[in-house]
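>>> the sequence and its predicted three-dimensional model are supplied below.
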Amino acid sequence: MIHTRAIPTKMSLKWSQRCISCVYVWTPYWLTSCVVGCGSTTQPPPPSSSASALHTNVGSSLTATSTGSPSASDTGSQSSGDPTPSTNGPTSWPEGATSSSEDETAASGEHEANPSLGDLPDDAWRLLHDGSGEIERAYGITDYSGMALDHEAGRLLLFGGGHAAAYMGNGVWAFSLEDFRWHEIGVSDSPDHLLECANYQESYPGAVFKAGSTSIDEAKPTSRHTYDTVEWLTNVGQFAQFGGFGHDEISGCSPTAFSPLDMWLFDPDHDHDTSAGNGWTYATAHTFGEAGACATYSDAKGRLYAWTPGGFFAYDPITNNWDSSLQQPGIAGSTHCAMTASGGEGDTLYVLGHDYPSSGALWRYEIGADRWTQLDPSGDTPPATGGWGLAYDGRNDVLLAVNRADASCWTLIYHPEDNRFERVALEETGFCGDNIFGRFKYDRVNNVAFLAQYVQYSVAIWAYRYKSTP
């Protein structure tokens, strides 16, 4: 049985203040559309001058011409071994640093630029946070999991995990682009609660209920791999997550929770004292396969587009419905793929990889024309592997792709104008990690892409800039 429910009134209150848009999803079977319009919102205060949130190696830029490895030389995946942590003290904010967009007025509803990123050179990586502190409690949250970027508040949002030996929690963590600090904004249930069969119901797969409650309003999603299915929905001011792959320790309680067919929305600004579900809303169920799926949100259409093993689809957060009427890409299901929106306000979608681990293909979907094209780019084409990080750099009109493949680190630039890949920022840059999925997001305000990656039983944050000016 498919369950749907009305989106709470609190979301309706946000709609009058935010851009109206929609999200697009690709699965092997469907896709969706909306209106664009923005109202003004209050800007956050400028970044603090305090450096207390900055940790080891913070502030040192690593370019393709660097020699040797940085002290935090490997922030790779769990499978790549543990890097050696550095013990240097915190780094202060750069003296006299100016943001690359400091002379521009941020778009209505967007966060302020961080001046500490203003001196990041072209084609360079910088470690912003080495993972020290509270985030260590959720170090496995990156396991085969994604990340969203809230452009309005200026924060990275992480939800994922799904490995009982690493992180089986269902908390939401935010990394502030203002002060480079981690905040747990959605508190996780305890391991005992997550393993208690009485807290599950077969009618709502993938939901864990408050002890003694049968109300879905008091439920949260279970811990799971989220791949590239975590996105920020601008038009409703919510963080979205659908499907995924759960850890098998709860399969005895709720077998369908192992591969849940559900859609959840999270309000990062919820009231902890009154929100029964701790900010979570169970939006709807669906019937397509989702493990290894990829998704992206289009500001042009106000919808989430997703490609999953079940087809290509689009989710409209205003109507809380999935659309299966879109053209399908004409290939088998998508697993371990990466997706991003580009073009005029997100009217073109790109997908990298679709058949793990045998494909490094690049696809383009034109929303207005409802047309798929498999591209055949020249240059340094990406190796066939899964889990690429993919982001659209709107300042330079290029795609940015990162991953570890063929035992080396890859930072790739795709130039749409001549259908060409270019390999830049060689492995001396030090971020080097695989299974990135959706944890690579471009921020148009700071003109950098942010990467969240596992490191030494924690999560490190990196920033990469392709070019300051086109």
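The structure has been received and is ready for your questions.
>>> please make it C-alpha for all contacts and neighbour counts, starting now.
Noted.
>>> can you tell me the distance between the two ends of stretch 298-309?
One end of stretch 298-309 to the other measures 21 Å (Cα to Cα, to the nearest Å).
>>> hmm, Ser342 and Tyr365 touching each other?
No. Between Tyr365 and Ser342 no contact is recorded; they are 10.2 Å apart, counting by Cα atoms under 8 Å.
>>> so what's in contact with these two at the same time?
Thr348, Leu349, Tyr350 (Cα atoms under 8 Å, 6 or more residues apart in numbering).
>>> tell me which of those residues is nearest to Gln456?
Taking Cα to Cα as the measure, Gln456 lies nearest Tyr350 of the shared contacts of Tyr365 and Ser342, at 32.2 Å.
>>> roughly how far apart are that closest one and Thr340?
Going from Tyr350 to Thr340 by Cα to Cα gives 6 Å.
>>> of these two, which one has the most company?
Per other Cα atoms under 10 Å, whichever of Tyr350 and Thr340 has more neighbours is Thr340, with 28 against 23.
>>> next one, pLDDT for Glu366 please.
According to the prediction, Glu366 has pLDDT 93.
>>> so what sits opposite it in the bridge?
Thr348, Arg371 (DSSP bridges).
>>> so how far is Leu451 from the nearest residue to Asp262 once chain neighbours are set aside?
Spatial nearest neighbour of Asp262, chain neighbours left out: Ala285 (4.2 Å); criterion: Cα to Cα, 6 or more residues apart in numbering. The gap separating Ala285 from Leu451 is 30 Å, by Cα to Cα.
>>> next: Gly387.
13 Å.
>>> who has more neighbours, these two?
Gly387 (30 against 26).
>>> pretty sure the more buried one is touching Met339, no?
No. If you go by Cα under 8 Å, Gly387 and Met339 don't touch, sitting 10.7 Å apart.
>>> right, and Leu194 touches Phe209 too?
No. With contacts counted by Cα under 8 Å, Leu194 stays clear of Phe209, the gap being 9.0 Å.
>>> just the pLDDT at Ile413, thanks.
Listed pLDDT for Ile413 reads 95.
>>> name the element it belongs to?
Ile413 is located in strand 408-415, with elements delineated by DSSP states H and E.
>>> so which elements touch the helix or strand just after that strand?
Moving toward the C-terminus from strand 408-415, the next helix or strand (DSSP H and E) is strand 420-424. Contacts defined by 3 or more Cα pairs under 8 Å, 6 or more residues apart in numbering; DSSP states H and E place strand 420-424 against strand 378-379, strand 408-415.
>>> who's in contact with strand 420-424?
Around strand 420-424, the neighbours that count as contacts under Cα under 8 Å, 6+ apart are 64, 123, 377-382, 410-415.
>>> any idea how far the residue nearest to Tyr466 when sequence neighbours are not counted lies from Glu184?
Once flanking residues are discounted, Tyr466 sits nearest to Asp123: 4.5 Å by Cα to Cα, 6+ apart. In this view, Asp123 and Glu184 are 32 Å apart by Cα to Cα.
>>> which one of these two has more residues nearby?
Just comparing Asp123 and Glu184: by other Cα under 10 Å the higher neighbour count belongs to Asp123, 20 against 16.
>>> could you pull up phi and psi at the more buried one?
Phi and psi for Asp123, reported as degrees, to the nearest 10, are phi 50, psi 50.
>>> what segments of the chain are helices?
Along the chain, the stretches classed as helices by DSSP state H are 9-15, 191-194.
>>> ok, of these, where does mean pLDDT dip lowest?
Among the helices of the chain, helix 9-15 scores lowest, with a mean of 36.
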